[in-house]
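Enquirer: one predicted model, sequence on top.
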Amino acid sequence: MTLLCFTWALQQISLKAISDQISPMLMVALRSLVAAVLLAGLMAWRGERLERPRFGAGAAVGTLFAIEFLLVAEALRLTAAAHVVVFLYTAPLFAVLGLHLLRPEERLVRGQWVGVALAFGGTALAFLGGHGTGPSAGPSTSSSLLGDALALLGGAAWGATTITIRSTSLSQAPATETLLYQLLGAVVWLLPAVWITGQAHFEPTLQVWAHLGFHSVVVSFASFLTWFWLMRKYLASRLGVFSFLTPMLGVLLGAWLLKESLTPAFLAGSALVLAGIVLASRAAKVAR
C-alpha cells in the first residue's frame, strides 16, 4: 500500500508536468487503452474471460471509473496537482461511509471513526493552508476552486466505484476482470470526450512517450491490478484509511518536482493524517 500510495501520488504530478505536450484526458485515455491490451493478454494467458452475469456491474464500474478520470483531467487543467491529489483521495471517506451502511462486516468502530476524522481533518488542513505562492502556484482563485470541486467529485466517483465492487458480483470476480471493465470504460468514454472537448493535442517527444509508458504499465496496469487484488484480500476500511498517505506524498512531490511551496499548516496537517492512520489501523485490529 505504501508503494501504491507513492505511485498514485506521482501520477497526478506526471499528468500536470506533461500537460503542455499532451492533455491529461488524452493521456488517461491512451494509458487505459495500452493497459487494457496488456491486461487482455494476461487474461488470455491465464485462461480468464469476462463473465456475462457480471456485465452489468462491469459497465457500472467502467462508467464510474471514466467519470472519475474525466473529472481529474479537467481539474488538473484548472488547479495545482497537489490540490487534485488531496481532494481526489477523499475517496476512502466516501467508500468507508457507504460500506458502513451497506455491509455489516465493514462497520466502523469508535476508534476508527476518530481516526478517519483526524485523517480527513489533517488532509483538509494540509490542503487549505498548505500552499503558498511559489513558481507553480497556478491559476486564478476562481479557476482553482472549480478545479478543487471537480477533484472532490472525482473522489466521490472513486468511492462509489469501491462501493459498487464490494456490493455486487464483482466482489467475487478476479482482479483482472474488474480492472478490465474499468479500463474499457475509460477508453469508451474518454476518447470521445477528448475529441468533443478539443483536447487531442499530442507531441510525440521522448518525454511524452516516457510518461505514457509509466502511466500505462506502472499505473494503469500494475498498480490498479494490485489495488483490486488487495481489495479482495483486506477490508476496504483498512486499505482506505491507509491510502490517506497518498495526498501527503502528493503535496511533497508537488513541492519537489513542481516547486509548489510548503507551509507550517501542511506540516501540521501531515501529522494529523499520520496520527489518524495509526489510530484507525490499531482500532481495526483490536475490533477484529
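Expert: Yep, that arrived.
Enquirer: so Leu33 is in which element?
Expert: Using DSSP states H and E, Leu33 sits within helix 24-46.
Enquirer: what stretches of the stretch 151-288 of the chain score poorly on pLDDT?
Expert: Scanning the stretch 151-288 of the chain for pLDDT under 70 picks out the ranges 235-238, 240-244, 261-262, 277-278, 280-288.
Enquirer: Arg232: neighbour count?
Expert: 16 (other Cβ atoms under 10 Å). Any C-beta I mention is one placed from the backbone N, CA and C, and that applies to glycine too.
Enquirer: distance of it relative to Thr226?
Expert: For Arg232, the distance to Thr226 under the criterion Cβ to Cβ, to the nearest Å works out to 11 Å.
Enquirer: tally of neighbours for Ala149?
Expert: By the criterion of other Cβ under 10 Å, Ala149 has 15 neighbours.
Enquirer: show me where the chain has its strands.
Expert: Applying DSSP state E to the chain gives no strands.
Enquirer: can you give me the helices in it?
Expert: In the chain, the helices defined using DSSP state H lie at 2-17, 24-46, 55-78, 81-88, 91-102, 110-128, 141-167, 175-196, 206-213, 224-233, 236-242, 245-257, 264-287.
Enquirer: wait, Ala193 touches Ile67, no?
Expert: No: under the contact definition of Cβ atoms under 8 Å, Ala193 does not touch Ile67, with a separation of 10.3 Å.
Enquirer: which of the helices of the chain is buried the deepest?
Expert: When neighbours are counted by mean count of other Cβ atoms under 10 Å, the highest per-stretch mean among those falls to helix 81-88, a mean of 30.
Enquirer: other residues contacting that helix?
Expert: Where contact means Cβ atoms under 8 Å, 6 or more residues apart in numbering, the residues beyond helix 81-88 that reach it are 8-9, 12-13, 15-17, 72, 75-76, 123, 126-127, 130-131, 144, 147-148, 151-152, 154-155, 158, 246-247, 250-251, 254-255, 258, 260.
Enquirer: how near is Gly56 to Ala126?
Expert: Per Cβ to Cβ, Gly56 is found 39 Å from Ala126.
Enquirer: what's the answer for Trp189, then?
Expert: In this structure, Trp189 and Ala126 are separated by 32 Å, where distance is defined by Cβ to Cβ.
Enquirer: same question for Gln199.
Expert: Distance check for Gln199 against Ala126: by Cβ to Cβ, it reads 30 Å.
Enquirer: so where's the stretch 1-150 of the chain uncertain?
Expert: When residues are selected by pLDDT under 70, those of the stretch 1-150 of the chain lie in 105-106, 127, 129-142.
Enquirer: can you rerun that using 80?
Expert: For the stretch 1-150 of the chain, the stretches with pLDDT under 80 are 83, 86, 89-94, 96-97, 99-109, 111-112, 123, 126-145.
Enquirer: residue most distant from the centroid, the chain?
Expert: In terms of distance from the mean C-alpha position of the chain, Gly47 ranks first, at 29.1 Å (Cα atoms, centre = their mean).
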